[in-house]
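Visitor: A predicted structure for the sequence below; I have some questions about it.
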Amino acid sequence: LQRELLQERTKVRALSEELENPMNVHRWRKLEGSDPATFELVQKIHILQKRLIEKSDEVVDKEMLIKHKEKLYFELKNILARQPGPEVAEQLSVY
């Protein structure tokens with residue numbers, strides 16, 4: 001029993017010394033995150049997708065505004081086409 005106790009104490013001392021002065025540096029790994037770059041890329045993808053959705057909405061709004069302005073332009077163009085021009089005013093002043 002004493003011998004087993006002595007062996008265990010020797011093991012404990014050896015392991016304690018190895019913890020204080022590690023010989024095998026590659027034995028421990030960081031467990032903080034396996035691949036932080038992947039997580040950052042996923043976050044960036046989400047941010048870019050949100051921006052894309054916002055920009056797409058802006059484009060749709062601007063296209064609707066352009067269609068409305070084009071419709072207004074063609075209506076005004078038709079109204080002006082029906083208006084008498086300066087030649088008619090000259091002819092009226094002659095008579």
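Guide: Great, that's in hand.
Visitor: What's the local residue count around Gly80?
Guide: Check again: residue 80 is Leu, not Gly. By the criterion of other CB atoms under 10 Å, Leu80 has 9 neighbours. Just so you know, the C-beta spots here come from the backbone N, C-alpha and C atoms, and that holds for glycine as well.
Visitor: measure the residue most central in space within the chain to Ala81 for me?
Guide: Centre of the chain computed as the mean C-alpha position; nearest residue by CA atoms, centre = their mean is Leu48, 1.6 Å away. As judged by CB to CB, to the nearest Å, Leu48 and Ala81 stand 48 Å apart.
Visitor: can you check Leu65 too?
Guide: In terms of CB to CB, Leu65 sits 25 Å off from Ala81.
Visitor: swap in Ser56?
Guide: Separation of Ser56 from Ala81 (CB to CB): 37 Å.
Visitor: go on, Leu15?
Guide: 97 Å.
Visitor: can you count the residues close to Val94?
Guide: By other CB under 10 Å, neighbour count at Val94 equals 6.
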